[in-house]
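S.K.: no sequence for this one, just the structure:
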């Protein structure tokens, strides 16, 4: 919701170049490490390609959730620097999930499946194209309709959460996880001409008080520190 598309047009190339270089160099380092690491550190010695790709992604992709919160807390959201940071992080995150989908296919089948990778890329491209063309007026119209037709301060907020959830599930179905869909939903919602400051603060309140703590709680639940005892 903080993304300014007009500002992005001015910083498109810097954001793209920062994203590509931010992925390429760490990815190559991680992939090289995966290929030359001792066999005792590889889960399956006969699948070094999947291990190398995983290490490359792990080193090259940053958490867009944390980056976005830091930029917002520092009031950089509307500055060129903040927009470049957020935009490049989103590109990194999106490319990272596509690569992860490819890795999962390799790990499951034991070999590269180009058809699965191509299907994911085409699906994401179609999703982004429809969101930028058909999605923009539809989201704006839906917010205006709910705002004019229903009584209550929370009706528009409920619609925003439904839009976010629906688009997140679409990208999940495409094999790119929910982050990209939720981000695109935020961009479309933020461009609505009747989105008031009050509604924006409500959304931010829910994110800060509910979604962000849940994200970190789930990350903690998935962490198994006992694995370190084996090294």
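M.R.: Perfect, thanks for sending it. Model, not experiment: these values are computed from the prediction. Residues are numbered from 1 along each chain as shown.

S.K.: Flag the shaky bits of the chain, pLDDT-wise.
M.R.: 2-9, 43-46, 63-65, 76-78, 93-114, 117, 153, 230-231 (pLDDT under 70).

S.K.: That one: strands as residue ranges?
M.R.: Taking DSSP state E, the chain contains no strands at all.

S.K.: Now do the helices in it.
M.R.: 5-10, 12-36, 48-60, 64-73, 80-109, 114-130, 136-149, 155-174, 179-190, 197-206, 212-221 (DSSP state H).

S.K.: quick check, distance from the fourth one to the centre of its chain.
M.R.: Meaning helix 64-73. Here helix 64-73 is found 12 Å from its chain centre; the criterion is C-alpha atoms, centre = their mean, to the nearest Å.

S.K.: Quick check: which helices or strands does that helix pack against?
M.R.: Applying 3 or more C-beta pairs under 8 Å, 6 or more residues apart in numbering; DSSP states H and E, we find helix 64-73 packed against helix 80-109, helix 179-190, helix 212-221. For the C-beta atoms, the positions are set from N, CA and C on the backbone; glycine is no exception.

S.K.: What of the last one?
M.R.: The elements that helix 212-221 packs onto, with contact taken as 3+ C-beta pairs under 8 Å, 6+ apart, are helix 64-73.

S.K.: Just want the angle from the helix it packs on to helix 212-221.
M.R.: Interaxial angle, helix 64-73 versus helix 212-221 (axes from the mean of the first three to the mean of the last three C-alpha atoms, to 10 degrees): 140 degrees.

S.K.: Helix 64-73 to helix 197-206, inter-axis angle?
M.R.: 130 degrees.

S.K.: Start the count at 708 instead of 1 going forward.
M.R.: OK, 708 is where the count begins now, so the last one is helix 771-780.

S.K.: tilt between helix 771-780 and helix 886-897?
M.R.: 30 degrees.

S.K.: Tell me the spacing between the spatially closest residue to residue 877 that is not a sequence neighbour and residue 875.
M.R.: Using C-beta to C-beta, 6 or more residues apart in numbering and skipping residues adjacent in sequence, the residue nearest residue 877 is residue 888, 5.4 Å away. Distance, residue 888 to residue 875, using C-beta to C-beta, to the nearest Å: 4 Å.
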